[in-house]
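> sequence first, predicted model second:
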Amino acid sequence: MRDLARPVAAGVAAALVPPRCAGCDAPGAWLCLECRAALEPADVPLAGLPVRVAGLYEGPLRAAIHRYKYRAEPGLAAELGDLVADLLARDLARGSRVDVVVPVPLHPRRVRERGYDQTALLAERIALRTGMPLRRALRRVRHVRPQVELDRSERLRNVAGAFAGAVGSLRGARVALVDDVVTTGATLREAARAAHGCGARRVRAYAVAHDE
Ligand SMILES: [Zn+2]
């Protein structure tokens with residue numbers, strides 16, 4: 001019961017807080033139109049895995065993500081999810097084929113600490129906005145140290161074998177993998193490897209921001 005009650009309580013709290021822009025503090029939205037317009041969507045160069053992000057992890061986007069992740073403002077999921085949904089919608093309009101949206105999962109222990117899974121909420125929003133089915137095909141099988149505490153080479157070792165899913169659960173699927181922030185890409189690459197292990201035919205990744 002506790003596990004169910006906490007995210008609901010967080011959602012209620014978020015609904016009661018009037019939104020203010022994370023970038024400029026203007027009232028009315030979690031990320032105002034001007035701050036949104038200043039973002040520059042980009043491709044993250046990562047061998048073997050196409051990755052698109054809504055912008056760099058700086059300025060308003062950094063502030064918004066920080067508020068979303070660390071200050072328990074899950075109301076931002078819609079705002080940030082829409083940024084990523086736009087990227088996916090653009091690719092779909094250009095003829096990219098995607099069958100399912102799959103979130104990069106947090107470890108259950110971290111979900112309990114935070115009260116919600118920020119990437120799952122983003123993926124839900126992206127699926128809703130693009131009309132793509134959501135499938136939580138992957139799970140964390142190891143509790144790893146937060147990547148933010150590690151250097152580049154440690155990050156690669158840290159996430160090795162971190163994800164798993166049922167064999168065949170993504171058979172033949174073209175997957176849009178969703179994460180919040182991409183840094184070295186080690187986590188995304190490992191999650192993509194697990195998706196292929198579940199039978200995925202192709203994997204592209206989408207994230208809110210790139211932390212260079
Ligand atoms: Zn603003």
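That came in fine, so what should we check first?

> once you drop chain neighbours, what's closest to Gly23?
Pro60 (2.5 Å; Cβ to Cβ, 6 or more residues apart in numbering). C-beta coordinates here come from the backbone N, C-alpha and C atoms, glycine included.

> list the contacts for the one you found?
With contacts defined as Cβ atoms under 8 Å, 6 or more residues apart in numbering, Pro60 is in contact with Cys21, Ala22, Gly23, Cys24, Leu31, Cys35, Ala38, Leu39.

> same check, this time on Ile126
Gly81, Val84, Ala85, Leu88, Val101, Met132, Ala176, Val178, Tyr206.

> inside strands: which ones of those?
Where the contacts of Ile126 overlap with strands, as defined by DSSP state E, the overlap consists of Val101, Ala176, Val178, Tyr206.

> tell me the two of those that are most distant?
Between all members of the ones in strands among the contacts of Ile126, the longest pairwise span (Cβ to Cβ) is found for Val101 and Tyr206 and amounts to 8.6 Å.

> intersection of neighbour lists for the two?
With the criterion set as Cβ under 8 Å, 6+ apart, the overlap between the contacts of Val101 and Tyr206 is Leu88, Ile126, Ala176, Val178.

> select only the buried ones of these in ChimeraX?
Applying 16 or more other Cβ atoms under 10 Å to these, the buried members can be selected in ChimeraX as follows:
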select :88,126,176,178
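
> next, give phi and psi for Arg90.
Phi and psi for Arg90, reported as degrees, to the nearest 10, are phi -60, psi -40.

> just to revisit the earlier point, and which of the ones in strands among the contacts of Ile126 is nearest to Val141?
The shortest approach to Val141 among the ones in strands among the contacts of Ile126 belongs to Val178, at 19.0 Å (Cβ to Cβ).

> the closest one: what's it in contact with?
Taking Cβ under 8 Å, 6+ apart as the contact definition, Val178 lies against Val84, Val101, Val102, Pro103, Val104, Thr119, Leu122, Ala123, Ile126, Ala205, Tyr206, Ala207.

> for the fourth one, list each beta-bridge partner.
Note on Pro103: beta-bridge partners by DSSP bridges are Val178.

> would you mind measuring from Pro108 to Leu150?
From Pro108 across to Leu150, the span is 21 Å (Cβ to Cβ, to the nearest Å).

> give me the more crowded residue out of the two.
Under the neighbour definition other Cβ atoms under 10 Å, Pro108 and Leu150 were set side by side, and Leu150 has more, 18 against 13.

> how many neighbouring residues does Ala29 have?
Summarising burial for Ala29: neighbours were counted as other Cβ under 10 Å, giving 14.

> which helix or strand contains it?
According to DSSP states H and E, Ala29 maps onto no helix or strand at all.

> ok, now which ones touch it?
If you count contacts by Cβ under 8 Å, 6+ apart, Ala29 has them with Pro19, Cys21, Glu79.

> 6 Å - rerun?
Applying Cβ atoms under 6 Å, 6 or more residues apart in numbering to Ala29 gives the contacts Pro19, Cys21.
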